[in-house]
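J.: I'll drop the sequence and a predicted model, then ask my questions.
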Amino acid sequence: MSDFRQNFIDRVVSAFSPAAGLARMHARARLDASFGGGGYNGGRRDRRSLKAWFPGQGSADADSLLDLPQLRGRSRDLGRNAPLAAGAVSTTAIGVVGDGLKLEASIDSKALGLTPEQADAYEAEQEREWEVFCATADFTRVQCMDEMQQLSLRSALESGDVFAIRRFRKDPGDVYGTKVQLLEADRVSNPNWALDSDRLSGGVEFNADGVPVAYHVSNRHPGARRMAGLKWERVPAWSDAGLKTVLHVYERLRPEQSRGIPYLAVVVEHLQQLSTYSTAEVDAAVVSSFITGIIQAPADDEASGPIVGEKDAGLAENEVKLGAGAIISTGPGETFTSFNPQRPNANYDAFVKAFCREIGVALELPVELLLKSFTASYSASRAALEMAWQAFRRRRSWFAGRFCQPLYEWMMEEAVASGRLNRPGFFSDPVIRAAWCGAQWVGPQRQSLNPYQEAQADALDIQTGVKSREQVCMERTGGDFDKKNEQLGKEQAARNAAGLGAPAPAQQGQQDQGRGAAQNQDEQDAGDAENETQPQGSAAE
């Protein structure tokens with residue numbers, strides 16, 4: 001703490017106004033702190049590496065809303081033209097949603113006073129109704145539910161958020177009239193491009209408590225070819241009955257954040273630079289495959305004639321067009337000297353991988369999965385897949401809660417209201433309603449590098465009661481346990497009818513062989529780990 005000594009002016013001010021004198025002391029203390037600081041070096045202003053670093057300290061919206069149009073445009077452009085960016089978005093979408101999240105109805109039988117058998121029957125009935133609803137859920141009548149899930153997630157990743165509006169239109173042949181209209185992020189904005197305020201930010205209208213109450217939607221995309229007559233409509237977030245009518249699918253990274261940030265935002269510059277560098281390397285390699293050289297003219301350049309070769313309208317007088325197998329004729333007195341641009345670059349692969357590691361850290365994608373290249377050891381590849389699986393599982397839980405579960409509840413509301421499903425207490429008690437709408441959303445399973453070891457671990461977990469067979473089906477093999485159990489019963493009945501009986505158990509030799517393979521794999525893993533940590537110098541020894 002600095003020793004603040006009052007100067008003459010301080011003493012005069014304090015004599016006439018002690019409050020003003022105290023304010024001067026406080027201001028001087030804050031000024032000293034700004035140039036000195038407390039105990040954190042990262043907060044000091046007098047260190048050489050931090051002197052010119054003055055990041056903004058705005059709110060979540062102040063730090064993001066002005067940049068969103070550029071971030072969206074650049075993210076979409078990278079998704080169209082940068083292979084690495086397109087692959088990152090596709091890999092994340094496939095890992096989270098795959099070919100669509102499947103409904104596993106999970107009714108709270110205890111809260112509803114149902115027997116397990118009754119709950120199973122109700123769950124099967126709701127799953128059938130969900131399939132019927134999904135067939136006609138798209139408002140544009142173009143996509144099925146699986147495709148809508150993929151589109152919603154990809155749009156949320158590229159643009160930062162996506163909107164799903166509840167509509168009603170019962171077309172001929174439809175069982176359900178509830179429809180889902182997907183809107184791109186750009187269509188939600190302040191009417192007539194008005195400035196943001198305390199109650200309206202990025203097209204989202206809030207009440208005094210910060211709760212979204214309405215969304216302002218333009219009648220078409222602002223980037224459409226025809227922008228004349230652009231109008232906005234205020235769409236309430238909730239109906240008069242308290243039912244949600246708009247789904248705003250985005251991941252909130254800061255409190256009071258109104259709009260979502262694109263998935264690629266933090267690596268936009270990295271991806272653009274890497275794409276430019278890759279293109280330059282390819283161009284350099286292509287040019288080096290042609291005849292590349294330098295024409296050396298004599299001292300008296302008047303004696304030199306024009307360079308003879310294939311010309312192009314875009315070339316200067318002293319340039320010729322290069323091509324595979326081209327032979328260039330020089331002028332009198334000129335000599336041709338070869339020029340080697342050292343391409344392909346021998347360090348290209350190592351440099352790109354190092355660059356991609358930084359990108360992968362930001363996108364929660366291990367570099368092996370980002371590049372689709374598993375050239376490291378088995379243990380490293382398994383660890384990379386496990387880390388990616390954890391990120392996919394977290395994002396899947398978020399997407400299912402933001403998109404899939406609300407759509408399922410919309411279906412249940414119409415099914416019960418129309419009489420297709422008889423669910424007592426659905427509209428009278430929110431707790432009963434939640435019990436009827438319980439669900440799990442099953443997506444792609446975790447990739448397996450050693451199915452035998454994982455099968456052995458699952459069998460041990462089932463034997464000790466740590467896992468159920470249904471859980472194993474959901475996590476590792478996929479599919480529905482009841483359907484698999486039913487199919488196994490049919491197969492067993494067919495074998496019994498054919499006089500085959502139960503399948504023969506695995507022979508002891510096969511079991512020993514499997515254990516040996518697993519042991520060899522464990523030894524290989526240990527060797528890989530030892531080689532990874534061993535200094536390079538000892539390898540030569």
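T.: Cool, got the structure.
J.: The stretch 201-350 of the chain: strands as residue ranges?
T.: Here the stretch 201-350 of the chain has its strands, by DSSP state E, counting those that start in this stretch, at 204-206, 212-218, 232-236, 246-250, 293-296, 335-338.
J.: Would you mind getting the angle between the longest one and strand 232-236?
T.: Computed by axes from the mean of the first three to the mean of the last three CA atoms, to 10 degrees, the angle separating strand 212-218 from strand 232-236 equals 150 degrees.
J.: re earlier: quick one, which of the strands of the stretch 201-350 of the chain gets closest to Pro451.
T.: strand 246-250 (34.7 Å; CB to CB). Where C-beta positions appear, they are placed from N, C-alpha and C, glycine not excepted.
J.: In CSV, list the C-alpha atoms belonging to the closest one.
T.: Coordinates of each C-alpha in strand 246-250 appear next as CSV, following Å, rounded to 0.1, in the frame of the first residue of the first chain:
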residue,chain,number,x,y,z
VAL,A,246,-40.4,-20.3,-29.4
LEU,A,247,-37.2,-22.4,-28.8
HIS,A,248,-34.0,-20.4,-28.7
VAL,A,249,-31.3,-23.0,-29.1
TYR,A,250,-28.0,-21.5,-28.0
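J.: Tell me the strands beside it, with direction?
T.: strand 161-168 (antiparallel) (DSSP bridges).
J.: what does the partner strand contact?
T.: Residues outside strand 161-168 that contact it (CB atoms under 8 Å, 6 or more residues apart in numbering) are 139, 152, 155-156, 177-185, 187-188, 215, 217, 235, 244-250, 259-260, 403, 406-407, 410.
J.: thinking again about what came up before, to Glu368, which of the strands of the stretch 201-350 of the chain lies closest?
T.: Across the strands of the stretch 201-350 of the chain, closest to Glu368 is strand 246-250 (CB to CB), at 28.8 Å.
J.: Could I get the buried residue list for the closest one?
T.: Val246, Leu247, His248, Val249, Tyr250 (16 or more other CB atoms under 10 Å).
J.: Low-confidence ranges, the stretch 251-400 of the chain, go.
T.: Scanning the stretch 251-400 of the chain for pLDDT under 70 picks out 291-314, 317-318, 320-341.
J.: Show me the helices in it, by range?
T.: For the stretch 251-400 of the chain, the helices defined by DSSP state H, counting those that start in this stretch occupy 268-289, 348-363, 367-371, 378-399.
J.: With mean neighbour count and distance to Ala415 as extra columns, can I get these in CSV?
T.: Shown next, in CSV, are those (neighbours: other CB atoms under 10 Å; distance: least, CB to CB, whole Å):
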stretch, mean neighbour count, distance to Ala415
helix 268-289, 15, 44
helix 348-363, 16, 39
helix 367-371, 21, 40
helix 378-399, 17, 23
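J.: Make a markdown table from those and add distance to Ala119 to it.
T.: A markdown table is the format used below for the helices of the stretch 251-400 of the chain (distance: least, CB to CB, whole Å):
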| stretch | distance to Ala119 |
| --- | --- |
| helix 268-289 | 49 |
| helix 348-363 | 40 |
| helix 367-371 | 39 |
| helix 378-399 | 23 |
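J.: so which of these gets nearest Ala417?
T.: helix 378-399 (26.8 Å).
J.: Report all helices and strands that that closest one contacts.
T.: helix 83-96, helix 145-159, helix 367-371, helix 508-533 (3 or more CB pairs under 8 Å, 6 or more residues apart in numbering; DSSP states H and E).
J.: How much space separates Asp10 from Ala19?
T.: Distance, Asp10 to Ala19, by CB to CB, to the nearest Å: 13 Å.
J.: The two - which one has more neighbours?
T.: Asp10 (16 against 9; other CB atoms under 10 Å).
J.: Return the set of buried residues in the helix or strand hosting the more buried one.
T.: Using DSSP states H and E, Asp10 sits in helix 8-16. Buried residues in helix 8-16, counted by 16+ other CB under 10 Å: Asp10, Val13, Ser14.
J.: Between the residues you listed, which sits nearest Gly501?
T.: Asp10 (101.4 Å).
J.: pLDDT wise, what is the closest one at?
T.: Per-residue pLDDT puts Asp10 at 76.
J.: And for Asn207?
T.: Reported pLDDT for Asn207: 95.
J.: next one: Arg47
T.: For Arg47, the model assigns a pLDDT of 78.
J.: cool, and Gly527?
T.: 54.
J.: Let me see the contact set for Ala194.
T.: By CB under 8 Å, 6+ apart, the contact set of Ala194 is Leu200.
J.: now the one 4 residues further on
T.: Residues counted as contacts of Asp198 (CB under 8 Å, 6+ apart) are Phe206.
J.: likewise Leu84?
T.: Per CB under 8 Å, 6+ apart, neighbours of Leu84: Leu271, Leu274, Ser275, Cys356, Ile359, Leu370.
J.: 7 Å instead?
T.: Under the criterion of CB atoms under 7 Å, 6 or more residues apart in numbering, the neighbours of Leu84 are Leu271, Leu274.
J.: With Arg446 instead?
T.: Trp389, Glu475, Arg476.
J.: Which single one of those residues is nearest to Pro222?
T.: The closest of the contacts of Arg446, once distances to Pro222 are taken by CB to CB, is Trp389, at 38.3 Å.
J.: what's the nearest residue to the closest one if we skip its chain neighbours?
T.: Arg446 (4.7 Å; CB to CB, 6 or more residues apart in numbering).
J.: tell me the secondary structure for that neighbour?
T.: Of the three states, Arg446 takes coil according to DSSP: H, G, I helix; E, B strand; the rest coil.
J.: Distance-wise, check Glu251 relative to Asp161.
T.: Separation of Glu251 from Asp161 (CB to CB): 8 Å.
J.: Then Lys170?
T.: The value you get for Lys170 to Asp161, if CB to CB is used, is 29 Å.
J.: Tell me which residues are up against stretch 219-229.
T.: Glu184, Asp186, Arg187, Ser189, Leu230, Lys231, Glu233.
J.: quick one: which of Lys170 and Asp161 has more around it?
T.: Taking other CB under 10 Å, Lys170 and Asp161 do not tie; Asp161 has more neighbours (26 against 12).
J.: Show the pLDDT at that one.
T.: For Asp161, the model assigns a pLDDT of 97.
J.: Tell me the bridge partners for it.
T.: Tyr250.
J.: Do a quick rundown of the helices in the stretch 1-150 of the chain.
T.: Counting by DSSP H, counting those that start in this stretch, the helices of the stretch 1-150 of the chain are 8-16, 18-35, 68-81, 83-96, 109-112, 116-135, 145-159.
J.: Could you identify which of the ones you listed has the lowest mean pLDDT?
T.: Among the helices of the stretch 1-150 of the chain, helix 18-35 scores lowest, with a mean of 72.
J.: ok, back up a step: please report how far the residue nearest to Trp389 lies from Gln456.
T.: 16 Å.
J.: Same question for Leu253.
T.: 41 Å.
J.: what touches both of Glu251 and Asp161?
T.: With CB under 7 Å, 6+ apart as the test, Glu251 and Asp161 both reach Gly260.
J.: Which one of Leu253 and Gln456 is surrounded by more residues?
T.: Under the criterion of other CB under 10 Å, the comparison of Leu253 against Gln456 puts Gln456 first, with 15 against 10.
J.: so Val180, which of the three states?
T.: Val180 ends up strand, using three-state DSSP.
J.: Could I get the contacting residues of Gly95?
T.: Ala388, Phe392, Pro444 are the contacts of Gly95 under CB under 7 Å, 6+ apart.
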